[in-house]
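**Student:** Take this sequence and fold it.
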Amino acid sequence: MRASARFLLFISLLLPATGGAAPAFTLRTCLENSDSYPWLLQSGEGIVQYHLKAVATALNAEIVLTPLPWKRCVSLVSSGQMDAAIKMSYSVERATKVGVYPMREGKPDPAKRLLTESYSLYQLKGGTSRWDGTTLRVKGMVAAQSGFSIVDWLQAAGAAVDDSSRDPLIMLKKLVMDRAQATAIQTEVADSILAAQPELQARIERLSPVLVEKPYYLVFSHRFYQAHPQQSRQVWDAIEQVRDSAAYQRYAASLRNKLPVGE
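**Tutor:** Have a look, this model is predicted:
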C-alpha cells in the first residue's frame, strides 16, 4: 500500500460516526510512521487506532492521525504545528519542551494512559550481556531506536548506545551481523518481529526481567492545551473510559491472537 493510501486510511478510520453531523472539534495528531505492534499499525488496525476511533465517536470529534518520523512528530507538537502526539512516555524534559500530560498531584496520571509498555534487552542466544533488574552489563554496543526514551535510560545505566536507526528489525539484524552486542526494544514489538522471522527467532533471546515498564499517553501541545483545556481533559477522560470498556478489551485480545506476517 502506498504511503498516500495509508494516510487516507488513517484519516477515514478516525472520523466520528455521527451520521454526517459536523464534528464538535478536530484534533490533529501525529504518530511514529512504522508499525509498533500491537498498538499502532500502518494498516490502521492497531489497538491505539481502535481506541482513538472510539474516543472520536464518544466525543463527536474528528481525530486525524498523521504518520511521521518520530523526531519530526515531536518537533511539530513542540512548536504547536500539531495538536498532539500519540504514544509518548513521560519525562520532565518532554513535559517542559514538548507538551502537556494528564497530571494528578504533580505526576502523570496513569489512569489517563493510552497503554502500558515495556522495553526488554535482546541478544544472541548464549551471549554475555546480563540484566538482573538493577545492574546492566554489556560488553559492547547496545542498539536502540533513535529518539526513543530508552536511549537516555541506557546511557544513564552506563551503556554505549548505537541509535543510528529507528527500525526495530534492523536493530535485531545488527545482533546477527555482529554490529551490536545487545538491543533494547519495546517488548511486544520485538517479540512480534521475531515471531514473524523464524531465522532470527532461532538465534536471538530475550533477557528477563524487562528493562523498564511505563505508561504512554496522548500528549497535547502547549499551544492546543492553553487554547482548549476543557476539550483536552474530555479527550483524556474518554481515553480512560474506552480503555476500561469490554469492547476495547475484546478488540485488544483478538488482535494479540493474530500472528504478525513476516516481510
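**Student:** Can you give me the pLDDT of residue 169?
**Tutor:** Residue 169 carries a pLDDT value of 94.
**Student:** actually residue 2, not the one I wrote
**Tutor:** The predicted local confidence for residue 2 is 39.
**Student:** cool, residue 256 as well?
**Tutor:** As predicted, residue 256 sits at a pLDDT of 83.
**Student:** And it, how close does it get to residue 241?
**Tutor:** Separation of residue 256 from residue 241 (CB to CB, to the nearest Å) stands at 22 Å. All C-beta spots, glycine's among them, are computed from the backbone N, C-alpha and C.
**Student:** same thing with residue 207?
**Tutor:** 36 Å.
**Student:** Equivalent analysis for residue 153, please.
**Tutor:** Counting by CB to CB - residue 153 and residue 241 are separated by 31 Å.
**Student:** the more surrounded of the two?
**Tutor:** Shown here are residue 153 and residue 241; by other CB atoms under 10 Å, residue 153 has more neighbours (18 against 13).
**Student:** Spell out which helix or strand contains the more buried one, please.
**Tutor:** Assigned by DSSP states H and E, residue 153 belongs to helix 150-156.
**Student:** Distance from the chain centre to that helix, please.
**Tutor:** Centroid displacement of helix 150-156 relative to its chain, using CA atoms, centre = their mean, to the nearest Å, is 17 Å.
**Student:** Name the residues that touch the biggest helix by length in the chain?
**Tutor:** The residue-count maximum for a helix in the chain (DSSP state H) belongs to helix 229-243. Outside helix 229-243, the residues within contact range by CB atoms under 8 Å, 6 or more residues apart in numbering are 25, 27, 51, 54-55, 58-59, 61, 100, 102, 109, 111-115, 218, 220, 224-225, 248.
**Student:** Give me the PyMOL select line for those, limited to the buried ones.
**Tutor:** A single PyMOL command suffices to select whichever of these are buried according to 16 or more other CB atoms under 10 Å:
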select buried, resi 27+51+54+55+58+59+61+100+102+112+113+114+115+218+220+224+225+248
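**Student:** Mind checking which of the contacts of helix 229-243 are in strands?
**Tutor:** Here DSSP state E is the test, and those give 27, 100, 115, 218, 220 as lying in strands.
**Student:** For those, give me a markdown table that also has pLDDT and distance to residue 34.
**Tutor:** Formatted as a markdown table, these follow (pLDDT from 0 to 100; distance: CB to CB, whole Å):
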| residue | pLDDT | distance to residue 34 |
| --- | --- | --- |
| 27 | 98 | 22 |
| 100 | 98 | 26 |
| 115 | 97 | 17 |
| 218 | 98 | 19 |
| 220 | 98 | 23 |
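**Student:** How is the residue nearest the centre of the chain assigned, secondary-structure-wise?
**Tutor:** The residue lying closest to the centre of the chain (CA atoms, centre = their mean) is residue 87, at 4.3 Å. Following DSSP: H, G, I helix; E, B strand; the rest coil, residue 87 is assigned to strand.
**Student:** Excluding sequence neighbours, find me the nearest residue to it.
**Tutor:** Once flanking residues are discounted, residue 87 sits nearest to residue 216: 4.8 Å by CB to CB, 6 or more residues apart in numbering.
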